[in-house]
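1. Sequence below, structure please.
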Amino acid sequence: MTQVQATDDFAITWPDPAMAESSWSNDRMHNPGPITPLAQHIVDGFQHGILGGSTVFANGFQFSLSVTIPTPPPEVVANGLEVWHDDYSPRIRAFCDRVRHTDFDAMTAPQLADALDPLADEALECLRLTMVVINAFMQPTFAMLQFLEDELGTDAPMLSGALIQGSQNASAASGTALEALTTLAGQSPDLAAALTAGNYTNLDQLPGGPELLDELSRFLDDFGSRAESWGAMHVPTWSEDHTKPLALIARYLTDANSTPAAVAHHAADQRAAALADVESRLDSDKLEQFHTLLDATSHHVAVSEDRARWQLSTVGVMRLPVLALGRKLVAAGTLDHPGDIFYLTWEEAQRAAEDPGAWARSAAAEARASFAHWEQLSPPSLIGSPPDISAIDPASLLMFRHFLGIRRPSVKDGVIEGHAASRGTVTGRARIIRHLDEADRLEPGDIMVCATTAPPWTALFAIASAVVTDTGGVMSHSAICAREFAIPCVVGTQLGTTTIPDGATITVDGEAGTVTILPG
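-> Purely as a prediction, here's the structure:
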């Protein structure tokens, strides 16, 4: 892991001039903001140890050399995605459950420091399991997409996106569970009134309150440990801050039309329409081949969303031993707040357990101030030299285009071009949402404009009338969720959050892949 000196506009001073000859990409789809010093250890371990890509950090933002999706191991080759359902995801769940139920506060600071490396190794192994199945569900979808492009032309990505929708998946399940909590809360007028007024304390003393809190606890057992995004290890999870899911329940109570159930059938309807469209346009001798390709994509959304769920849960549960050490350091007078530990490097956190002192408080305070400054910066998509597109293999190009959504930014006369991701046209007020703690700014009918989304953001898709992202392609999480909720979506604009003024009136055309900023 290398830190490179960078100005606020990301002019880089390279420790080795030869590094400037390489192309270092910023993956804002997974890490839209700067990453705290401690979390950089996990991100670097993932990028280098699993994806084989060297990583540097400039102003806290991750930039990596070209990565390689791990080759599927023999069990995936032999048994396909059954391995994910039967073996890999249960193993990851078991790790997350074990960490959640470990009493880290019973350990001494040195014991916690000693535990961090083995836990990080286990977490990285869990993350590796989420990566070795990618080709097993991506390649069939890309094969169908390529077939449809050859046969039907440029709307093939949009059609392919709709065709893989309509199946059960983890993100949809979290929305359904929130809906059930909303229904339960709505059965008690006193409870509903307290929630909609933002009164989240003493709910257990209201009629229906104990039952709601019991069901909320079960919901959080399943979905509460997810990090906000892949590098956001410093942000409290819903399990730690119950006001976040309670606030969403309150939002659903005030607008019954913005609940997951109100739009749950739309994905299946869109899939049926896309299927009828394709079948009507293909020659009869191509239909059998198409259906064979389509059948092979049946697990795409379910596995893709489940992978994201457990990736984010793995990151989220790693907060627990780290925060326990942070509390020990606060008790020792070394840090002011437990969360300050995320602003120490991995090595500094371990050293502080053995050598507590003012140095740690000073290091954390300096790093926290730098991080707050970095959060205001806009990183470029790459540093170093432009990539040689001709040297990229076709499979990687498909991943860059349809999953990561990498493209040249384009804005002219107030029209931003991105990737068409979910059909429909909507005009409404743009709300720039950079973090989930800004979710209360999003009102029904608003268009959510963000750098990226992750599974914990799914509940906001029931509130927004459309979604615009800086990153991602037609197979990204943002696109999948928009299609689940049948709202227009344009992804991969590269510059939506920096070009669209907050509060501006915009028109999102999810089929053309354009966002128009209207005058006034």
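2. Now do the buried residues in the strand of greatest length in the chain.
-> Looking across the chain with DSSP state E, the single longest strand is strand 425-432. Of the residues in strand 425-432, V426, G428, A430, R431, I432 count as buried by neighbour count, 16 or more other C-beta atoms under 10 Å. Glycine gets a C-beta too; all of them are placed from N, C-alpha and C.
3. I'd like to know which elements that strand is packed against.
-> strand 447-450, strand 466-469, strand 505-509 (3 or more C-beta pairs under 8 Å, 6 or more residues apart in numbering; DSSP states H and E).
4. Excluding its own residues, what touches whichever helix or strand comes after the second one? List them.
-> Which is strand 466-469. Next helix or strand after strand 466-469 toward the C-terminus (DSSP states H and E): helix 477-484. Contact partners of helix 477-484, identified using C-beta atoms under 8 Å, 6 or more residues apart in numbering, comprise 161-162, 165, 169, 171-172, 263-264, 266-267, 270, 301, 304-305, 308, 419, 421-422, 452-455, 457-458, 461, 466-467, 469, 471-473, 488-489, 491, 510.
5. Dump the helices and strands packed on strand 425-432 into a markdown table; add mean pLDDT, distance to T176 and mean neighbour count as well.
-> A markdown table is the format used below for the helices and strands packed on strand 425-432 (pLDDT from 0 to 100; distance: least, C-beta to C-beta, whole Å; neighbours: other C-beta atoms under 10 Å):
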| stretch | mean pLDDT | distance to T176 | mean neighbour count |
| --- | --- | --- | --- |
| strand 447-450 | 98 | 20 | 27 |
| strand 466-469 | 98 | 20 | 30 |
| strand 505-509 | 98 | 26 | 20 |
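6. Make CSV out of those strands and add distance to H48.
-> As requested, those are exported to CSV (distance: least, C-beta to C-beta, whole Å):
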stretch, distance to H48
strand 447-450, 28
strand 466-469, 27
strand 505-509, 38
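7. Just name the closest of the buried residues of strand 425-432 to P245, please.
-> R431 (20.3 Å; C-beta to C-beta).
8. So that closest one sits against D440, correct?
-> No: the pair R431 / D440 is not scored as a contact, 10.5 Å apart, by C-beta atoms under 8 Å.
9. what's the longest helix in the protein?
-> helix 109-131 (DSSP state H).
10. which parts of that helix are buried?
-> Applying 16+ other C-beta under 10 Å to helix 109-131 flags 109, 112-113, 115-116, 119-120, 122-124, 126-131 as buried.
11. Find the pair from those residues with maximum spatial separation.
-> Farthest pair in these, by C-beta to C-beta: A109 and M131, 33.3 Å.
12. Now do the most centrally placed residue in the chain against N26, distance only.
-> Of all residues in the chain, the one closest to the mean position by C-alpha atoms, centre = their mean is A454, 2.5 Å from it. Going from A454 to N26 by C-beta to C-beta, to the nearest Å gives 17 Å.
13. any residues touching the longest helix of the chain, and which ones?
-> 41-42, 45-46, 49-51, 69-70, 88, 91-92, 95-96, 99, 104, 107, 307, 310-311, 314-315, 317-318, 321-322, 324-325, 328-329, 332, 346, 349-350, 352-354, 356.
14. which of the residues you listed are buried?
-> 41-42, 45-46, 50-51, 69-70, 88, 92, 95-96, 99, 104, 107, 307, 310-311, 314-315, 317-318, 321-322, 324-325, 328-329, 346, 349-350, 352-353, 356.
15. Domains in the chain, by residue range?
-> Taking automatic domain parsing as the reference, the chain has its domains at 2-68+378-397, 398-517.
16. among these, which is the most enclosed?
-> domain 398-517 (a mean of 22; mean count of other C-beta atoms under 10 Å).
17. Show me how far that one is from its chain's centre.
-> 14 Å (C-alpha atoms, centre = their mean, to the nearest Å).
18. just stretch 351-358 next, same as before
-> 34 Å.
19. quick one: contacts of the helix or strand hosting Y252?
-> Per DSSP H and E, Y252 falls inside helix 243-254. Contacts with helix 243-254, where a contact means C-beta under 8 Å, 6+ apart, come from 178-179, 181-182, 185-186, 192, 195-196, 198, 200, 216, 219-220, 224, 238, 258-259, 436-437, 439-440, 459, 462-463.
20. Any buried residues in it, and which?
-> Result for helix 243-254 [16+ other C-beta under 10 Å]: buried residues K244, P245, L246, A247, L248, I249, A250, R251, Y252, L253.
21. Next: stretch 224-231.
-> Those would be G224, S225, R226, A227, E228, S229, W230, G231, for stretch 224-231 by 16+ other C-beta under 10 Å.
22. Nearest spatial neighbour of A177, chain-adjacent residues omitted?
-> Nearest non-adjacent residue to A177, counting by C-beta to C-beta, 6 or more residues apart in numbering: F219, 5.0 Å away.
23. Give me the buried stretch members for the helix or strand where the one you found lies, please.
-> Using DSSP H and E, F219 maps to helix 209-223. Neighbour-count burial for helix 209-223 flags G209, L212, L216, F219, L220, F223 (criterion: 16+ other C-beta under 10 Å).
24. Tabulate the residues you listed (TSV), appending pLDDT and distance to A20.
-> Output for these, formatted as TSV (pLDDT from 0 to 100; distance: C-beta to C-beta, whole Å):
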residue	pLDDT	distance to A20
G209	97	60
L212	97	57
L216	97	51
F219	96	49
L220	96	46
F223	95	43
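25. which residues does the nearest residue to G520 once chain neighbours are set aside contact?
-> Leaving aside its sequence neighbours, G520 sits nearest to T505 (C-beta to C-beta, 6+ apart; 7.0 Å). For T505, the contacting residues are T427, G428, R429, A430, I517, L518, G520, by C-beta under 8 Å, 6+ apart.
26. Bridged to T505, which residues?
-> T505 has the following beta-bridge partners by DSSP bridges: R429.
27. That one and L145: what is the separation?
-> On the measure of C-beta to C-beta, T505 and L145 end up 34 Å apart.
28. and what of A302?
-> 18 Å.
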